[in-house]
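[1] let's see this in three dimensions:
(2 chains)
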Amino acid sequence: EDQVTQSPEALRLQEGESSSLNCSYTVSGLRGLFWYRQDPGKGPEFLFTLYSAGEEKEKERLKATLTKKESFLHITAPKPEDSATYLCAVQATDSWGKLQFGAGTQVVVTP
Amino acid sequence: EPEVTQTPSHQVTQMGQEVILRCVPISNHLYFYWYRQILGQKVEFLVSFYNNEISEKSEIFDDQFSVERPDGSNFTLKIRSTKLEDSAMYFCASSVSGTLTYEQYFGPGTRLTVT
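    Numbers count the residues shown, from 1 in each chain, chains lettered A, B, ... in the order given. Sure thing, here's the model as predicted:
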């Protein structure tokens, strides 16, 4: 069965303190791995898609990387506005668009 | 910037009643999805829809659920006889393609409360 596990569950950072979030996955065949940001009471906001091991994507203070078993979301010099829950999701090669989500990492950045 | 919209933002209903949740996907997107998120839990896939047919559905999406694209812009999720455990945030999403790993864009959600 496909599985997506995110760690840590929660992360408290000081402004400027860089860190990484982990997403490990088990899937029969990976079509794509997605990172989303979710603010309380809102819908997931798309950040990145990664397709193959070794791929990296960057957006502002965020950088996502992918290996054959896991993905990392690096937050460099975070600001309070980076506080959110970060969700990882995978799409399998045998699916018709289904995203399977992890439970998320709740990030709080304090000034 | 185009976005997915959903109405209503909050729906309160009594157990056993029918509800219809509405979504307007991004205009050039061809694939549509419904997900739900029970408070404090993971986002869960319900169904994907393309070319007026269901492409894939989860075990959650039983006979109580149905989806429809009644016109060129709306996409609806109907729950025929709501149960207490249907209380959740329901998210609509859309993508340009469903099998080429194009990203899915989510709406703001409808909070369904079943009493």
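[2] please make it C-alpha for all contacts and neighbour counts, starting now.
    Will do.
[3] does residue A:61 touch residue A:77 like I think?
    Yes: distance between residue A:61 and residue A:77: 6.8 Å, which falls inside the contact criterion (CA atoms under 8 Å).
[4] which one of those two has more residues nearby?
    residue A:77 (16 against 13; other CA atoms under 10 Å in any protein chain shown).
[5] could you list the contact residues of chain B toward chain A?
    Taking CA under 8 Å from any CA of the partner chain as the measure of proximity, chain B contacts chain A at B:41-45, B:47-48, B:55-56, B:91, B:98-99, B:101, B:103-109.
[6] which PyMOL command selects the buried ones in the residues you listed?
    Here the buried members of these are turned into a PyMOL selection, burial being counted by 16 or more other CA atoms under 10 Å in any protein chain shown:
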select buried, chain B and resi 43+44+45+47+48+55+56+91+98+99+101+103+104+105+106+107+108+109
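[7] mind listing the strands for chain B?
    Listed from the start of the chain, chain B has strands (DSSP state E) covering B:5-7, B:10-13, B:19-24, B:31-37, B:43-50, B:53-57, B:65-68, B:75-79, B:88-95, B:105-106, B:110-114.
[8] could those go into a markdown table alongside mean pLDDT?
    Converted to a markdown table, these look like this (pLDDT from 0 to 100):
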| stretch | mean pLDDT |
| --- | --- |
| strand B:5-7 | 97 |
| strand B:10-13 | 98 |
| strand B:19-24 | 98 |
| strand B:31-37 | 97 |
| strand B:43-50 | 96 |
| strand B:53-57 | 94 |
| strand B:65-68 | 97 |
| strand B:75-79 | 98 |
| strand B:88-95 | 97 |
| strand B:105-106 | 97 |
| strand B:110-114 | 98 |
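[9] for residue A:3, which of these is the nearest?
    Smallest distance to residue A:3 across these (CA to CA): 12.5 Å, for strand B:43-50.
[10] contacts for stretch B:13-30?
    The set of residues that contact stretch B:13-30 without belonging to it, under CA atoms under 8 Å, 6 or more residues apart in numbering or on different chains, is B:2-8, B:32, B:50-51, B:73-84, B:92-97, B:107, B:110, B:112-115.
[11] report the buried members of those residues.
    By neighbour count, with 16+ other CA under 10 Å, the contacts of stretch B:13-30 hold B:4-7, B:32, B:50, B:75-79, B:82-83, B:92-97, B:107, B:110, B:112-114 as buried.
[12] that older thread, out of the strands of chain B, nearest to residue A:70?
    Ranked by CA to CA, the member of these that lies closest to residue A:70 is strand B:43-50, at 19.3 Å.
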